[in-house]
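J.: Provide a 3D model corresponding to the input given below.
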Amino acid sequence: MPADRFVTALNEQITAELAASHQYAAIAIAYDAQTLPRLAGFFYAQAVEERNHAMMMARYLLDTGREVRFGAVDAPRGEFSDHVEPIRLALEQERSVSARINELTAVAREENDFRSEQFIQWFLKEQVEEEATMSALLDVAERVRDFPMTLEEYVAREHPAGGGEADPSAPPAAGGAL
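T.: Below you'll find the model as predicted:
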């Protein structure tokens with residue numbers, strides 16, 4: 001069974017992942033309202049991905065006989081000064097998630113909860129990718145600030161719809177990945 005401290009921290013992370021999903025959906029809608037469909041599609045996909053991360057964590061707790069508890073999720077930001085600001089917010093959010101995943105790893109290690117530490121390893125790897133993706137997107141967005149359609153072209157080229165193959169090493173999600 002996972003250590004109690006890890007279960008508490010993982011339930012908090014589930015809520016944080018759902019909040020991230022909520023924020024990414026709000027960013028997607030803001031881009032959709034500006035008729036920036038590639039950016040909107042990218043963030044709609046990110047919203048689903050964050051929701052699936054929460055469900056992977058829920059599945060782990062269910063599989064190990066522990067309780068899943070959802071916390072309250074605050075309303076996301078939906079208004080931005082320009083088309084670059086949401087990406088900056090997304091990068092800050094990913095950095096915050098990385099810090100929380102690191103904390104989860106530390107809790108598992110401190111508690112000698114080796115199965116939970118092994119479980120969380122996939123998320124450590126995932127956060128490297130998430131931060132790199134958002135960092136690159138922000139770099140490009142700032143370079144082409146005056147030309148949002150150039151940013152749209154970048155997203156279309158570098159992040160085509162559908163993303164790619166599912167990671168076979170990803171943990172299973174409660175309800176299945178959608």
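J.: which of the helices or strands spans residue 145?
T.: Using DSSP states H and E, residue 145 sits within no helix or strand.
J.: distance of the residue most central in space within the chain from residue 114?
T.: Centroid-nearest residue in the chain: residue 50, 3.9 Å away (criterion: CA atoms, centre = their mean). Using CB to CB, to the nearest Å, we find residue 50 at a distance of 27 Å from residue 114. C-beta here means a position set from N, CA and C on the backbone, and glycine is covered the same way.
J.: spit out the contact partners of residue 18.
T.: Applying CB atoms under 8 Å, 6 or more residues apart in numbering, we find residue 18 in contact with 50, 51, 54, 70, 73.
J.: confidence score at it?
T.: At residue 18, the predicted lDDT confidence score is 98.
J.: give me the buried positions along the host helix or strand of residue 116.
T.: Using DSSP H and E, residue 116 maps to helix 114-143. Neighbour-count burial for helix 114-143, with 16 or more other CB atoms under 10 Å as criterion, is recorded at 116-117, 119-120, 122-123, 126-127, 130, 133-134, 137-138, 140-141.
J.: next helix or strand past it?
T.: According to DSSP H and E, the helix or strand after helix 114-143 is helix 148-158.
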